[in-house]
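Trainee: Show me how the following folds:
(one chain, ligands or ions: 1)
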Amino acid sequence: MTFVIGRGEGESLEKRPTGRLGTYRALDGSSGAPLYVDLDGPHAMLVVGKRGYGKSYTLGVIAEALARAEGVAPVVIDPMGVFDTLAEQSRDEPVPAEVMSAPPVRPNTLDPRSWCALLELSPESGAGALVWQAAGEHDSLAGMRRHVRDADAPGTDKRAAINHLDLADSWGVFDEEGVAAADLASPAITVVDVSGLDSAPMNAVARAIGETLYRARVDRAIDRLPWVLIDEVHTFFDGVAAPALETILTRGRAPGVSLVMATQRPSAVPPVGVSQSDVIVSHRLTSGADIEALKATQPTYMDASLAERMPTETGDVIVVDDATETVHAATIRRRDTPHGGDSPRASEQ
Ligand SMILES: Nc1ncnc2c1ncn2[C@@H]1O[C@H](COP(=O)(O)OP(=O)(O)OP(=O)(O)O)[C@@H](O)[C@H]1O
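Mentor: Model (predicted):
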């Protein structure tokens, strides 16, 4: 009998989209039967582990499976520039992938409050109030600038607001013709490489992508079910991307939007990120704060497994499956496309 994380046992694998995650890991370390993950229904998955134990690699394995699955529209937000390799030659079944380098996004995917947060302006300040009004009325940066210039407000506030909007323009990530849901909803996996961007514009792009896909599903504008995969997700919970991630986590299930998050610091993810995850893949963790962050919002059946079966080797995990209330010790399979996240070593230079 095969076991599918997020679905349980039974039925043949061909019937519904399923990804191969790896193999069961026996207590003596030997590997066993294959372990699969459900890609049919919407899920929130959290992949955690200390540096170098294979989080990004595991995210890549899930990405490969999604690229091959029917009926889904997977998008990876790639802050480290390590997932471009999904588009390289696969040593097995092909992995359809396309890479977008820092695609421009639509300014109106950020609400007025988020524009102020993005530009680090208090909405109560003169300049902040101007940016707030401009963002509420215009879909382009040019329109927002015009609004500020024409406003009946003190010159110093207007100059400060324009300077902040000029800064946003200099990031090169805003365009009212920016990326639309249809551009992201292809069956191939879309790798959005944001590695060249600072944290603020990186967050703006992630926010826009999350928001665009969520809205498109609520409006039934796209047929495929979007999956948003994000590495180093704590960076995005810290910025203007957070509301979009929280929306997917708390309200994504009904319209069918999934989120797969990876982080080395589960303690830096807000509790909603852990409590709403129905699948947790944990690589080795040693920090007490990180282990506590997982335990605090997860069911008690997880506690014992974390203590007794904490993985020790790279690529080894325990998987907590809330759908079936089961915990599995497993080893993640090898990637079929090259892994892009290896740290350089002085001895190899
Ligand atoms: N399942 C696996 N099978 C074989 N090798 C693996 C596996 N997972 C990880 N590795 C190896 O371990 C290395 C580190 O993995 P990875 O880059 O995913 O670490 P990480 O936990 O994301 O670390 P960081 O926080 O530095 O990004 C990889 O370069 C790869 O060579």
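Trainee: For the ligand, what's the nearest residue on the stretch 51-200 of the chain?
Mentor: Proximity of the stretch 51-200 of the chain to the ligand (C-beta to the nearest ligand atom) peaks at Gly54, 2.9 Å away. C-beta here means a position set from N, CA and C on the backbone, and glycine is covered the same way.
Trainee: Same question for the stretch 201-349 of the chain.
Mentor: Taking C-beta to the nearest ligand atom, the stretch 201-349 of the chain has Gly315 as its residue nearest the ligand, at 2.9 Å.
Trainee: From Ala168, how far out is that residue?
Mentor: 41 Å (C-beta to C-beta, to the nearest Å).
Trainee: Likewise for Leu110?
Mentor: 10 Å.
Trainee: try Ser90
Mentor: With C-beta to C-beta as the criterion, Ser90 and Ala168 are 39 Å apart.
Trainee: for Arg309, same thing?
Mentor: Arg309 is 47 Å from Ala168, where distance means C-beta to C-beta.
Trainee: out of the two, which sits in the busier spot?
Mentor: Just comparing Arg309 and Ala168: by other C-beta atoms under 10 Å the higher neighbour count belongs to Ala168, 21 against 17.
Trainee: Doesn't the more buried one belong to a helix?
Mentor: Yes: checked against DSSP: H, G, I helix; E, B strand; the rest coil, Ala168 lies within a helix.
Trainee: Could I get the pLDDT score of it?
Mentor: Per-residue pLDDT puts Ala168 at 97.
Trainee: That one and Arg145 touch, don't they?
Mentor: No: Ala168 is not in contact with Arg145 according to C-beta atoms under 8 Å; the separation is 10.0 Å.
Trainee: Identify the contacts common to these two.
Mentor: Shared contacts of Ala168 and Arg145 (C-beta atoms under 8 Å, 6 or more residues apart in numbering): none.
Trainee: Could you pull out the strands in the protein for me?
Mentor: Here the chain has its strands, by DSSP state E, at 3-5, 8-9, 18-25, 31-38, 44-48, 72-78, 97-101, 189-193, 225-230, 258-263, 279-282, 316-321, 326-332.
Trainee: Spatially nearest residue to Pro94 (excluding sequence neighbours)?
Mentor: With C-beta to C-beta, 6 or more residues apart in numbering as the criterion, Pro94 has its nearest non-adjacent residue at 7.8 Å, and that residue is Arg68.
Trainee: didn't the one you found look like it was pressed against Ser90?
Mentor: No: contact criterion C-beta under 8 Å: Arg68 and Ser90 do not qualify, at 9.3 Å.
Trainee: Same drill for those two, tell me which one is more crowded.
Mentor: For Arg68 versus Ser90, the count of surrounding residues by other C-beta under 10 Å is larger for Arg68: 23 against 18.
Trainee: per-residue pLDDT, Ala296?
Mentor: Reported pLDDT for Ala296: 79.
Trainee: where are the low-confidence patches of the stretch 51-200 of the chain?
Mentor: Within the stretch 51-200 of the chain, not a single segment meets pLDDT under 70.
Trainee: can you map out the helices along it?
Mentor: Secondary structure of the stretch 51-200 of the chain by DSSP state H, counting those that start in this stretch: the helices cover 55-68, 112-118, 126-137, 141-150, 155-170, 181-184, 199-218.
Trainee: Throw these into TSV and include distance to Leu225, thanks.
Mentor: Formatted as TSV, the helices of the stretch 51-200 of the chain follow (distance: least, C-beta to C-beta, whole Å):
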stretch	distance to Leu225
helix 55-68	10
helix 112-118	26
helix 126-137	30
helix 141-150	32
helix 155-170	32
helix 181-184	12
helix 199-218	7
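Trainee: who in the stretch 151-300 of the chain is up against the ligand?
Mentor: Proximity of the stretch 151-300 of the chain to the ligand, by C-beta under 6 Å from any ligand atom, involves residues Gln264.
Trainee: From Val131, how far out is Cys116?
Mentor: Distance of Cys116 to Val131, computed by C-beta to C-beta: 6 Å.
Trainee: what are the bridge partners for the most centrally placed residue in the chain, then?
Mentor: Nearest to the mean C-alpha position of the chain, by C-alpha atoms, centre = their mean, lies Ile230 at 2.3 Å. On the basis of DSSP bridges, Ile230 is bridged to Ile77, Met261.
Trainee: who has more neighbours, Cys116 and Val131?
Mentor: Between Cys116 and Val131, counting by other C-beta under 10 Å, Val131 is the more crowded of the two (27 against 23).
Trainee: Pull the contacting residues for the more buried one.
Mentor: 112, 115-116, 119, 121, 144, 148, 161, 164-165.
Trainee: Where neighbours are concerned, which of those has the most?
Mentor: Counting by other C-beta under 10 Å, top hit in these: Ala161 with 29 neighbours.
Trainee: Report the contact partners of that one.
Mentor: 121, 126-128, 130-131, 134, 148.
Trainee: count of neighbours near Val4?
Mentor: Around Val4 there are 23 residues (other C-beta under 10 Å).
Trainee: My read is that it contacts Gly41, right?
Mentor: No: checked against C-beta under 8 Å, the pair Val4 and Gly41 is beyond contact range at 10.7 Å.
Trainee: and the residue nearest to Ala329 when sequence neighbours are not counted, how many residues sit next to it?
Mentor: Nearest residue to Ala329, sequence neighbours excluded (C-beta to C-beta, 6+ apart): Arg25, at 4.5 Å. As a burial measure, Arg25 scores 23 neighbours (other C-beta under 10 Å).
Trainee: what's across from Arg25 in the sheet?
Mentor: Ser31.
Trainee: Could you do Gly8 as well?
Mentor: On the basis of DSSP bridges, Gly8 takes part in beta bridges with Val4.
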